[in-house]
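from the sequence below, what's the structure:
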Amino acid sequence: MHFWTKPVLGLVLLAGLAGLLLGETFLTRVNAQQITGTTPGDTGTLSTSIITVTYADGANVRAGPSSYDYPEVGPKLLTGDTAAALGRSPGGDWIEIAYPDAPSGVAWVYAALVSLSSGSLPILPGSLEPVILKSVYKLISTMHP
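The predicted structure is shown next:
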């Protein structure tokens, strides 16, 4: 392999990842509830996916989809507590919830500690950022030991 191959490959990968991350800032996510109703004149009821904490020790609430990369953002949810589910991480291991105690109004819980009422959740693109940044750091560190 030529001496210049790794640096060039690293720069191409870094440029592509930067484009992915910067392009994502222009997206706007809108959380909406679906109105359901089956009879004429029925205005319907608002329907959304709800998580219920099922783990006996409760569930920590974090700023992002990782217990290593993100801090807790408020008191833990206790067994039986519920919250509106907004989305999920790409692997489905984490669920984003509406959480008023968090500075942003949303937080993440580990999916194995909760049950989901119904429906499928969208994959949220922002949940990829820690994985991408760790991959770039690992690539750069192997290029310059």
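
which helices and strands sit right next to the longest strand anywhere in the chain?
Across the chain, the strand with the greatest residue count (assigned by DSSP state E) is strand 82-88. Contact here means 3 or more C-beta pairs under 8 Å, 6 or more residues apart in numbering; DSSP states H and E; on that basis strand 82-88 packs against strand 50-53, strand 94-98. From N, CA and C alone the C-beta is placed, and that goes for glycine too.

now the angle between strand 94-98 and that strand, please.
130 degrees (axes from the mean of the first three to the mean of the last three C-alpha atoms, to 10 degrees).

now strand 82-88: average pLDDT?
Averaged across strand 82-88, the pLDDT comes to 95.

and that strand, which residues are buried?
Within strand 82-88, the residues that qualify as buried are A83, A84, A85, L86, G87, R88, counting by 16 or more other C-beta atoms under 10 Å.

looking at these, which is nearest T48?
A84 (5.2 Å; C-beta to C-beta).

for Y55, what are its contacts?
T79, A112, L113, V114 (C-beta atoms under 8 Å, 6 or more residues apart in numbering).

and the residues you listed, which of them are buried?
In these, the ones that pass as buried (16+ other C-beta under 10 Å) are L113, V114.

now the contacts of Y55 as a markdown table including pLDDT and secondary structure?
Shown next, in a markdown table, are the contacts of Y55 (pLDDT from 0 to 100; DSSP: H, G, I helix; E, B strand; the rest coil):
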| residue | pLDDT | secondary structure |
| --- | --- | --- |
| T79 | 97 | coil |
| A112 | 97 | helix |
| L113 | 97 | helix |
| V114 | 97 | strand |
